[in-house]
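>>> mind folding the following:
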Amino acid sequence: MRHLKRWCIAASILLFYACWPTDDDDDVNIDPIFQSVYEPVYLSRANLENSILLKDPEPIVNSGKIYIKDNLLFVNEVRKGFHVFDNSNPQNPLKIKFIKVPGSSDLAVRQNMLYINQATDLVAVQFDLNSTELTVAKRVKEAFPVLLSPDGFYAYDIPENSIVVDWELKRMNQ
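Below is the predicted model:
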């Protein structure tokens, strides 16, 4: 019985010592390094703040959320902007304009004010259908978190005064 106790104590000490970190362990990285298969698309803060434009209609490529306000239909082009349709006849909506908003993902409409999530900013944009003009009424900087990649990673080494507005699939070297 005594020998069994001694063996258990010796084995416990050896096991404890084997798990104790040493100076040599600093160079060993046992955690796998995970990287996104996407790379961030940046826009400078100055360019972001001047990037909302009213353009002629464009084809829908990657649609997101849909919004209806009176006779207007807004379709999000994910991280690119919003397609605007005249929805007076729901059986045949007519393309009116495209609102270019890099980094956009969401929209709310109240009266003639559009509230847009543009990357990290919340932007209030006044939209006049009769004159088809856009006016940025207010911008709340950094109201939203930084845009994550589609596979859940944050951008690192973001250039100074730059904002992540999109993510693109990395080109693989073959």
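
>>> remind me which residues of the protein are low pLDDT?
Low-confidence segments of the chain, defined by pLDDT under 70, span residues 1-3, 7-8, 10-33, 129-132, 173-174.

>>> so which residue is smack in the middle of it?
With distances taken as Cα atoms, centre = their mean, Leu147 lies nearest the centre of the chain, 2.9 Å away.

>>> which strand residues bridge the nearest residue to it once chain neighbours are set aside?
Among residues not flanking Leu147 along the chain, Val164 sits closest, at 4.7 Å (Cβ to Cβ, 6 or more residues apart in numbering). (C-beta placed from N, C-alpha, C; glycine too.) Beta-bridge partners recorded for Val164 (DSSP bridges): Tyr42.

>>> all strands of the protein, in order?
For the chain, the strands defined by DSSP state E cover 38-44, 53-55, 63-69, 72-77, 81-86, 94-100, 104-110, 113-118, 121-128, 133-140, 162-169.

>>> got these as JSON lines, with mean neighbour count and distance to Lys5 columns?
Output for the strands of the chain, formatted as JSON lines (neighbours: other Cβ atoms under 10 Å; distance: least, Cβ to Cβ, whole Å):
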{"stretch": "strand 38-44", "mean neighbour count": "17", "distance to Lys5": "58"}
{"stretch": "strand 53-55", "mean neighbour count": "13", "distance to Lys5": "81"}
{"stretch": "strand 63-69", "mean neighbour count": "14", "distance to Lys5": "68"}
{"stretch": "strand 72-77", "mean neighbour count": "20", "distance to Lys5": "71"}
{"stretch": "strand 81-86", "mean neighbour count": "22", "distance to Lys5": "75"}
{"stretch": "strand 94-100", "mean neighbour count": "18", "distance to Lys5": "78"}
{"stretch": "strand 104-110", "mean neighbour count": "16", "distance to Lys5": "65"}
{"stretch": "strand 113-118", "mean neighbour count": "21", "distance to Lys5": "67"}
{"stretch": "strand 121-128", "mean neighbour count": "18", "distance to Lys5": "68"}
{"stretch": "strand 133-140", "mean neighbour count": "13", "distance to Lys5": "69"}
{"stretch": "strand 162-169", "mean neighbour count": "18", "distance to Lys5": "60"}
